[in-house]
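Asks: Compute the structure for the input listed below.
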Amino acid sequence: DIDPEGKKFDRVSRLHCESESFKMDLILDVNVQIYPVDLGDKFRLVIASTLYEDGTLDDGEYNPTDDRPSSSAYVSYGGLLMRLQGDANNLHGFEVDSRVYLLMKKLAF
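Replies: Residues are numbered from 1 along each chain as shown. This next block holds a predicted model:
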């Protein structure tokens, strides 16, 4: 669904999505002026802690001390929000105050 609570900002839409591969729900704010999304679009989503191929972490504060399992992960991308919710086994890689990159690609059918 797109903006089920109504559109709050001109350039941002809130997507409510369900995974076809995992039992996960996603709420994601997207700047639709930069990345247009239509109802019914399918996309592949990858979440990473780095964009380096060798796995090197980015410079910045990284604190891997909180390893409690969780059923939800909340991420803020400069005011755009993401909530990923589902099986805690699929969320074990998230750490408090760590960098999280979201890579998204529309799938053509």
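Asks: how close does R11 sit to E5?
Replies: Distance, R11 to E5, by CB to CB, to the nearest Å: 17 Å. Heads up, the C-betas are built off the backbone N, CA and C, glycines and all.
Asks: Over to L51?
Replies: For L51 relative to E5 (CB to CB), the value is 32 Å.
Asks: what do you get for L28?
Replies: In terms of CB to CB, L28 sits 14 Å off from E5.
Asks: Which one's more surrounded, these two?
Replies: Between L28 and E5, L28 has the larger neighbour count (other CB atoms under 10 Å), namely 21 against 8.
Asks: so the more buried one makes contact with V12?
Replies: No. Contact between L28 and V12 fails when scored by CB atoms under 8 Å: they sit 10.4 Å apart.
Asks: Report the set of residues contacting both of these two.
Replies: Common neighbours of L28 and V12 (criterion: CB atoms under 8 Å, 6 or more residues apart in numbering): L80.
Asks: Mind listing the strands the helix-or-strand element of the chain with minimal mean pLDDT pairs with, and their directions?
Replies: Within the chain, confidence by mean pLDDT, DSSP states H and E is lowest for strand 72-77 among all helices and strands, at a mean of 85. Here strand 72-77 has these sheet partners by DSSP bridges: strand 80-86 (antiparallel).
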